[in-house]
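K.L.:
Sharing a model prediction with you, sequence too.
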Amino acid sequence: MRLLIAGGAGYVGSALIPRLLQRGYQVDVVDLFWFGNNLPPETGLLSKDLFDVTVEDLKEYDQVIFLAGLSNDPMAEFSPSKNFIYNAAAPAYLAYTAKKAGVKRYIYASSCSIYGYTVNELYDETRPVASSYPYGISKLQGEQAVMNLMDEGFSVIALRKGTISGYSPRMRLDLIVNTMFRTALHEETITINNPAIWRPILAMEDAITAYIRAIEAHESISGIFNIASGNYTVGEVGDLVKGGIEQQLGVKIKLVIRHLQDFRNYKVCFEKAKNVLSFHPQHDIRAIVFQLVKEMEKFSDWENPVYYNIHMFRELENGIRSYELGAPVGAGR
């Protein structure tokens with residue numbers, strides 16, 4: 001099977017693609033390599049804007065996986081207009097082009113952010129979504145667009161993922177567990193802005209499993225699936241990160257608890273993914289921290305802007321060329 005992964009040189013793709021190659025898939029990536037290229041040498045590379053991808057480009061692929069776009073709230077709020085182009089229009093265009101090219105399946109990286117603010121309820125895929133901020137709205141628009149293209153000959157799977165954390169060769173330190181890990185080791189402090197807020201957390205290892213299960217699902221399967229390793233309050237996340245670091249490294253970490261308002265609060269049910277895709281998460285926050293400790297020498301230059309998507313995006317928007325960057329559409333997240 002031949003796969004094309006849009007944004008495959010990003011945080012998720014750089015960890016996922018080696019596993020796909022191990023399973024015997026032929027994998028090509030379309031990306032503009034904002035953060036460099038950490039992919040295995042046998043990965044096929046296509047360096048171009050997603051909006052320049054044509055039907056002819058996609059005719060040889062069995063499946064297309066969309067991992068591109070702007071990846072978080074700070075990027076979306078910094079440039080709302082580009083957020084809606086890259087997170088809504090780009091996946092829609094690529095899915096439309098893939099279907100015309102005869103691709104059999106399209107997998108879209110959606111987000112649990114689309115649920116917005118919920119109050120002490122466990123949300124499944126049938127519940128209404130109520131995001132009122134640019135990132136969540138754009139991810140929902142992209143999801144709705146690609147799902148509208150689904151039919152008997154074109155399977156579409158949208159994975160509404162929780163906040164991913166854990167190690168990747170293209171590392172990020174701007175995600176909840178990774179951020180707490182970084183501040184704990186760099187500043188000996190973990191700051192929790194609202195301990196009561198709920199978040200679904202997704203370990204990188206479980207994210208990889210979810211994409212493999214989607215790729216290898218029966219051709220008749222389409223749909224929207226919540227994907228998470230578990231639901232945690234932010235306060236609990238802080239306690240678990242603190243405890244894991246102290247246990248493994250023997251250092252003392254200080255907790256700073258604030259009570260700031262947050263417009264995101266959601267916890268999700270992922271039974272559908274278990275029952276339909278056979279997705280069974282195996283990693284909790286302790287496992288994420290264990291993995292980060294194991295790999296920490298590879299990303300311990302804490303201030304490197306390459307680990308923070310908003311820093312790189314600002315440099316791009318401001319025309320700073322301290323890194324070799326191209327136009328943003330298609331860059332891995």
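P.N.:
Yep, that arrived.

K.L.:
show me where the stretch 51-200 of the chain has strands.
P.N.:
63-66, 105-111, 117-123, 155-161, 163-165, 189-192, 198-203 (DSSP state E, counting those that start in this stretch).

K.L.:
Of the ones you listed, which shows the lowest average pLDDT?
P.N.:
Note on the strands of the stretch 51-200 of the chain: lowest mean pLDDT is at strand 117-123, with a mean of 86.

K.L.:
how far out from the middle of the chain is that one?
P.N.:
21 Å (CA atoms, centre = their mean, to the nearest Å).

K.L.:
before we move on, what about stretch 155-169?
P.N.:
That offset, for stretch 155-169, works out to 4 Å (CA atoms, centre = their mean).

K.L.:
will you turn the strands of the stretch 51-200 of the chain into a markdown table that also has distance to Ala89 and mean neighbour count?
P.N.:
From N, CA and C alone the C-beta is placed, and that goes for glycine too. Below are these laid out as a markdown table (distance: least, CB to CB, whole Å; neighbours: other CB atoms under 10 Å):
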| stretch | distance to Ala89 | mean neighbour count |
| --- | --- | --- |
| strand 63-66 | 12 | 25 |
| strand 105-111 | 13 | 26 |
| strand 117-123 | 26 | 14 |
| strand 155-161 | 16 | 25 |
| strand 163-165 | 23 | 26 |
| strand 189-192 | 36 | 18 |
| strand 198-203 | 25 | 25 |
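
K.L.:
Could you point out which of these sits nearest Ile227?
P.N.:
strand 155-161 (4.8 Å; CB to CB).

K.L.:
Report the strands that pair with the closest one, each with its relative direction.
P.N.:
Strand pairing for strand 155-161, determined by DSSP bridges: strand 105-111 (parallel), strand 223-227 (parallel).

K.L.:
To Pro305, which of the ones you listed lies closest?
P.N.:
By CB to CB (comparing all of these), the closest turns out to be strand 105-111, at 23.2 Å.

K.L.:
ok and that closest one relative to strand 198-203, angle-wise?
P.N.:
Per axes from the mean of the first three to the mean of the last three CA atoms, to 10 degrees, the angle that strand 105-111 makes with strand 198-203 is 130 degrees.

K.L.:
Of all the strands of the stretch 51-200 of the chain, which one is nearest Gln248?
P.N.:
Judging the strands of the stretch 51-200 of the chain by CB to CB, what sits closest to Gln248 is strand 189-192, at 15.0 Å.

K.L.:
any residues touching the closest one, and which ones?
P.N.:
180, 183-184, 234-235, 237-238, 241-242, 253-258 (CB atoms under 8 Å, 6 or more residues apart in numbering).

K.L.:
which among those residues end up buried?
P.N.:
Met180, Thr183, Ala184, Val234, Val237, Gly238, Val241, Lys242, Ile253, Leu255 (16 or more other CB atoms under 10 Å).

K.L.:
Tabulate these in a markdown table, adding columns for distance to Trp302 and pLDDT.
P.N.:
Below are those laid out as a markdown table (distance: CB to CB, whole Å; pLDDT from 0 to 100):
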| residue | distance to Trp302 | pLDDT |
| --- | --- | --- |
| Met180 | 13 | 98 |
| Thr183 | 9 | 96 |
| Ala184 | 11 | 97 |
| Val234 | 21 | 97 |
| Val237 | 19 | 98 |
| Gly238 | 18 | 98 |
| Val241 | 15 | 98 |
| Lys242 | 17 | 98 |
| Ile253 | 15 | 98 |
| Leu255 | 19 | 97 |
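
K.L.:
Now render those residues as CSV, adding distance to Asn194.
P.N.:
Below are the buried ones among the contacts of strand 189-192 laid out as CSV (distance: CB to CB, whole Å):
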residue, distance to Asn194
Met180, 14
Thr183, 16
Ala184, 18
Val234, 6
Val237, 11
Gly238, 11
Val241, 16
Lys242, 17
Ile253, 19
Leu255, 13
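
K.L.:
out of these, who's nearest Tyr266?
P.N.:
Val234 (12.0 Å).

K.L.:
how about the helices in this protein?
P.N.:
Applying DSSP state H to the chain gives helices spanning 11-22, 55-58, 73-78, 80-84, 90-101, 134-147, 176-187, 204-215, 234-249, 271-272, 285-295, 309-317.

K.L.:
Let me have the ones you listed in TSV, adding distance to Tyr117 as columns.
P.N.:
What follows is the helices of the chain, written out as TSV (distance: least, CB to CB, whole Å):
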stretch	distance to Tyr117
helix 11-22	25
helix 55-58	38
helix 73-78	13
helix 80-84	19
helix 90-101	24
helix 134-147	10
helix 176-187	17
helix 204-215	24
helix 234-249	14
helix 271-272	22
helix 285-295	23
helix 309-317	22
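
K.L.:
hmm, back to that, any chance of the strands of the stretch 51-200 of the chain in a markdown table, with distance to Asn275 too?
P.N.:
Listed next are the strands of the stretch 51-200 of the chain as a markdown table, based on distance: least, CB to CB, whole Å:
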| stretch | distance to Asn275 |
| --- | --- |
| strand 63-66 | 22 |
| strand 105-111 | 18 |
| strand 117-123 | 16 |
| strand 155-161 | 14 |
| strand 163-165 | 22 |
| strand 189-192 | 34 |
| strand 198-203 | 18 |
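
K.L.:
thinking again about what came up before, the helices of the chain: which one's closest to Gly153?
P.N.:
Nearest to Gly153, of these and by CB to CB, is helix 90-101 at 8.3 Å.

K.L.:
Done for today, thanks.
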